[in-house]
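Engineer: Sequence and predicted structure are below.
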Amino acid sequence: MDGLAIFTDLDGTLLDHESYDAGPARPLLGRLSRAGIPVVIASSKTAAEIAPLRRALGLAASPAIFENGAGVLGPGAEPPEDTTARDRLLAALASLPPDLHAGFRGFAEMSVAEVAACTGLPSDAAARARARTHTEPGLWTGPEPRRRTFIDALAARGVAAQEGGRFLTLSMGGTKAGRMAGLAARLGARVTVALGDAPNDVEMLETADHGIVVANPHHAPLPELAGERQGRITRTAKPGPDGWAEGLEALLSRLGDRI
């Protein structure tokens, strides 16, 4: 379909939640590439993580949205090294009352081995996951009632918190949905499709012309989304890349696109 652009989350969506494999989605990815339809990664992962993944998935010709929309990696570009934005964020986090800050353990406080343990990534991939330039993911380990207090205190300092499939990610600006709108215009896309599985994908799913919620049995299902009753947003039965391919094949067929 001319003028179509696809925006996709990675973990639990295009990549299997446990193995990080995209195998079942690769045949469709290949067909999309041959048809000239851009597939834009939109992930909480760092640019350092996304750059090699994008090449491995055959998506290097498309831009990518990294760190939950905090930045955009141009086609074929190398990861940025400027950490000014993250330094400001970490300073805001450090300014919280110590008892409130103590409930959050971010990647900056973890060793590579600890990040590997809580993500399931090998050490080299965990090191790339720690190489953040804009955001700070972490685990909330404090009392659950204090989580809201923590999030509100950060909001007062200009820091937003987004729930992902595994982590609470802190950011000082930029969203997947906002970046999607800008990139769709740059790509000349008249129709946008978004795929995701987690709370930090909701705005993108609801903003796209068509949204596909990919099943993820590892966390509670997303609540009913705006546009779902009208059929603009659908859900897959299968999880991960199997669901990604299932949902996108069904939508393309419905749109009359034969690729």
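Structural biologist: Alright, I've got the coordinates. Numbering: from 1, shown residues only.

Engineer: Stretch 77-96: which residues count as buried?
Structural biologist: Pro79, Ala85, Arg86, Leu89, Leu90, Ala92, Leu93, Leu96 (16 or more other CB atoms under 10 Å). C-beta here means a position set from N, CA and C on the backbone, and glycine is covered the same way.

Engineer: List the contacts of the last one.
Structural biologist: Spelled out, it's Leu96. Shown in contact with Leu96 (CB atoms under 8 Å, 6 or more residues apart in numbering): Phe150, Ala153, Leu154.

Engineer: same question, Thr149
Structural biologist: When contacts are counted by CB under 8 Å, 6+ apart, Thr149 is found next to Leu100.

Engineer: re earlier: just the contacts of Leu96 now: which is nearest Ala56?
Structural biologist: When the contacts of Leu96 are compared for distance to Ala56 (CB to CB), Leu154 comes out closest, at 34.5 Å.

Engineer: The closest one reaches Ala91, doesn't it?
Structural biologist: No: assessed by CB atoms under 8 Å, Leu154 is found out of contact with Ala91, at 11.9 Å.

Engineer: Just the contacts of Leu96: which are in helices?
Structural biologist: Filtering the contacts of Leu96 for membership in helices, criterion DSSP state H, returns Phe150, Ala153, Leu154.

Engineer: Give me the phi and psi for the residue nearest the centre of the chain.
Structural biologist: In the chain, the C-alpha closest to the average C-alpha coordinate belongs to Ser43, at a distance of 2.3 Å (CA atoms, centre = their mean). Torsion angles at Ser43 (phi, psi; degrees, to the nearest 10) stand at phi -140, psi 160.

Engineer: can you check the one 10 residues further on too?
Structural biologist: The phi/psi pair for Leu53 (degrees, to the nearest 10) reads phi -60, psi -40.

Engineer: Please look at it and Thr46 and confirm they touch.
Structural biologist: No: the pair formed by Leu53 and Thr46 falls short of the contact definition of CB under 8 Å, at 10.5 Å.

Engineer: Neighbour count for the two, which is higher?
Structural biologist: Looking at Leu53 and Thr46 with other CB atoms under 10 Å, you find the greater number of neighbours at Thr46, namely 25 against 21.

Engineer: roughly how far is the worst-scoring helix or strand of the chain on mean pLDDT from the heart of the chain?
Structural biologist: Of all helical and strand segments in the chain, the minimum by mean pLDDT, DSSP states H and E falls on strand 160-163, at a mean of 87. Its chain's average C-alpha position is 12 Å from that of strand 160-163, according to CA atoms, centre = their mean, to the nearest Å.
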